[in-house]
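Engineer: Coordinates only, no sequence provided:
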């Protein structure tokens, strides 16, 4: 599954906007400065949020279906399958900061960010479908093909997501408006995750499972990515942006500044660890449905709908909680809600199935809040750096962020696959899971419940270094945040 900045110090130029300026990223954007009061029109919120169709689909479906595809369709051993999922994502650690730096320095009539949204998004759609094309059938050659295709897809995603995440930091100076913008984005993200994650397994089943079903699913998700790409590109046209200043002279210097930002460092490490936990949940849905609930066909869709569906309902609630408690405390509360519900779910084998689904819904509520507040706190870290240094480098911050997030989401399936391997999970090349031992089923249960609970819950201890408040942002550096002078426009 990212918005803030200080007037006069942009992060990527004219296109850094949910309605997309057409200005070049150097100097003042043609769309002008943010509207008075730091508030944004609803059309800007909606236009920017459409990009979450892309990030939601790619952030969900590989984590949900790629590991089962490798183990139960291509016949790859669980441990090796985990490596094939993780290693291409490790590439993001290198390519995401580079994508951020490139977009920071881009100068086009479409702005700094929007060209990458279009090209990266369309390339992503084609490459995603290619992951599941299976030109070599099953076996080791098929596994190698998937790894290469996944690496190329991850590269295309980096050049979409990094500029996309950097855009909000160029839209508004308001501390509170950034939370509202993220609420819109996460609402669409939740819908995208629900549609892609719940429907994709059903498409596989409708296509006859196995390789044919996965090919059909790849085309379906690719089409969804195209819709999101076109929507955000044209929907982010003409949005207000600020004036930008030059960035650090080298990538090494930019990375040094980003890692020296103590609040950003604490938030990033926490979020990466939590992403590992969320990745294990996604990877385990098909296994948990088949081995624990004994519902391999309908189970994954119902489980995923229970996980994501409540997020659409609780977004406004989390927004109010954040306004009352502050972003940091609300983030901790949401994370602990996730962790406690996941721990209780370890009793799933003896619980009525309705209770299991309700617990998964509670986990989903915690996940929604965790995402909202983490992605609202990130732009505050960027604004803090811009206020202190006067330099625009949101692309580098968001490059590091997305690298960490995508690696964490990929490492989660890798960890889950390792647990499967250790507990004796048997792979299959028939398109259906093989019969498993009680020990293997125990591994599925622990990987789906205890592992994510520990990762998400204990990670909040890493937030002790995060101390940003509106007052500290106002006092930071030579540039005064607009929060203190102009109220944010409310969103109905």
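Structural biologist: Sure, I can see it. All figures in this text were calculated on a predicted structure; none of them were measured in a lab.
Engineer: and stretch 327-347, how far from the chain's centre?
Structural biologist: Using CA atoms, centre = their mean, to the nearest Å, we find the averaged C-alpha position of stretch 327-347 to lie 18 Å away from the chain's own average C-alpha position.
Engineer: Now that stretch: average pLDDT?
Structural biologist: The pLDDT scores in stretch 327-347 average 95.
Engineer: And for stretch 209-218?
Structural biologist: In this model, stretch 209-218 carries a mean pLDDT of 93.
Engineer: So, low pLDDT: which residues of the stretch 251-400 of the chain?
Structural biologist: Applying pLDDT under 70 to the stretch 251-400 of the chain flags residues 251, 254, 392.
Engineer: For it, which segments are assigned as helices?
Structural biologist: The residue ranges that make up the helices of the stretch 251-400 of the chain, judged by DSSP state H, counting those that start in this stretch, are 251-260, 262-287, 299-325, 327-344, 353-389, 394-422.
Engineer: and of those, who's closest to residue 122?
Structural biologist: For the helices of the stretch 251-400 of the chain, proximity to residue 122 was assessed by CB to CB; helix 394-422 is nearest, at 18.8 Å. C-betas here are computed from N, CA, C, even on glycine.
Engineer: Tell me the helix or strand right after the closest one.
Structural biologist: Note on helix 394-422: by DSSP states H and E, the next helix or strand toward the C-terminus is helix 438-448.
Engineer: just how off-centre is the helix or strand just after that following helix within its chain?
Structural biologist: Beyond helix 438-448 on the C-terminal side, the first helix or strand identified by DSSP H and E is helix 450-458. Computed by CA atoms, centre = their mean, the chain-centroid distance of helix 450-458 equals 18 Å.
Engineer: tell me which residues of helix 450-458 are tucked away?
Structural biologist: 450-457 (16 or more other CB atoms under 10 Å).
Engineer: Tell me which other helices or strands the very next helix or strand once past that helix touches.
Structural biologist: On the C-terminal side of helix 450-458, the closest following helix or strand by DSSP H and E is helix 470-475. In terms of contacts (3 or more CB pairs under 8 Å, 6 or more residues apart in numbering; DSSP states H and E), helix 470-475 is packed against helix 353-389.
Engineer: ok, and for the helix it packs on, which residues are buried?
Structural biologist: For helix 353-389, burial by neighbour count (16+ other CB under 10 Å) applies to 356-357, 359-389.
Engineer: thinking again about what came up before, which of the buried residues of helix 450-458 sits closest to residue 117?
Structural biologist: For residue 117, the closest of those turns out to be residue 456, at 30.1 Å, with distances computed as CB to CB.
Engineer: Check the gap between the nearest residue to the closest one once chain neighbours are set aside and residue 68 for me.
Structural biologist: Residue nearest to residue 456 in three dimensions, not counting chain neighbours: residue 277, with 4.2 Å by CB to CB, 6 or more residues apart in numbering. Taking CB to CB, to the nearest Å as the criterion, residue 277 is separated from residue 68 by 19 Å.
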